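Student: Output the structure for:
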Amino acid sequence: MTWPITLSVLMILAGILAIVVPPAGGIAATLLVGWLLIFMGGIHMIFGWQTRHVGGSMWGGLLGLVYLLIGFYMLVHPVAGLEALTLALGAWLFAEAILEFVLSWRLRPFGGSGWLLLDGIVTLVLAILVSATWPSNSPWVIGTLIGVNMIFSGTSRLMLLVSARRVLAAA
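Tutor: The predicted model follows:
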């Protein structure tokens, strides 16, 4: 049981490090996404090759090539990749805010739809903050968000493990 607790504490420490040095967390995320894109490019190319008898070879190969090129570009130019990820985050937050507004409007006859509206407003404010300060905010936005996520993930797992340890000790 000590190994999972150690990993949880390490996750919390890594999250703190990502917040203290957000560019490092952002670059690490960019490199991870770059490798994932390269992996997906290979998968698409293999799938395209497997579907050559139905005409999917060319399109699967082209899609795989696009994934590979973007992945390699992100690995070779991680700062530019980080800027692209930050811009994509701003666009995603904007789209999420619009969807939250629509959902709150559609569910307004039911209780609790105001919370969806509040969520949409907060998400829209975040989208505007990320987009309005782009690209100068790129070094810290992704790293800070990843750091906060790692702290919360590590803390929740640590608390779950401590609670489980108490239950096992009582049994």
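Student: how about the residue nearest the centre of the chain, what does it touch?
Tutor: With distances taken as Cα atoms, centre = their mean, residue 146 lies nearest the centre of the chain, 7.6 Å away. Contacts of residue 146 were listed using Cβ atoms under 8 Å, 6 or more residues apart in numbering, and they are 15, 18, 25, 26, 28, 29. Placement of C-beta: from N, CA and C, glycine included.
Student: for the last one, what are its contacts?
Tutor: Neighbouring residues of residue 29 by Cβ under 8 Å, 6+ apart: 82, 85, 142, 143, 146.
Student: ranking the residues you listed by neighbours, who comes first?
Tutor: The residue in the contacts of residue 29 with the most neighbours, by other Cβ atoms under 10 Å, is residue 142 (27 neighbours).
Student: got the contact list for it?
Tutor: Residues in contact with residue 142 (Cβ under 8 Å, 6+ apart) are 22, 25, 26, 29, 30, 82, 85, 86, 89.
Student: Tabulate these (CSV), appending distance to residue 48.
Tutor: As requested, the contacts of residue 142 are exported to CSV (distance: Cβ to Cβ, whole Å):
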residue, distance to residue 48
22, 38
25, 34
26, 32
29, 28
30, 26
82, 30
85, 26
86, 31
89, 30
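Student: All the helices of the protein, in order from the start?
Tutor: 2-20, 22-50, 56-76, 78-106, 113-132, 138-170 (DSSP state H).
Student: Serialize these to JSON lines and add fields for mean pLDDT.
Tutor: Written out in JSON lines, the entries for the helices of the chain read as follows (pLDDT from 0 to 100):
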{"stretch": "helix 2-20", "mean pLDDT": "89"}
{"stretch": "helix 22-50", "mean pLDDT": "89"}
{"stretch": "helix 56-76", "mean pLDDT": "89"}
{"stretch": "helix 78-106", "mean pLDDT": "90"}
{"stretch": "helix 113-132", "mean pLDDT": "85"}
{"stretch": "helix 138-170", "mean pLDDT": "81"}
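Student: if I look at the nearest residue to residue 81 once chain neighbours are set aside, how far off is residue 134?
Tutor: Spatially, and ignoring its direct neighbours in sequence, residue 81 is nearest to residue 74 (3.4 Å; Cβ to Cβ, 6 or more residues apart in numbering). Distance from residue 74 to residue 134, counting by Cβ to Cβ, to the nearest Å: 17 Å.
Student: Please say which of those two ends up with more neighbours.
Tutor: residue 74 (24 against 15).
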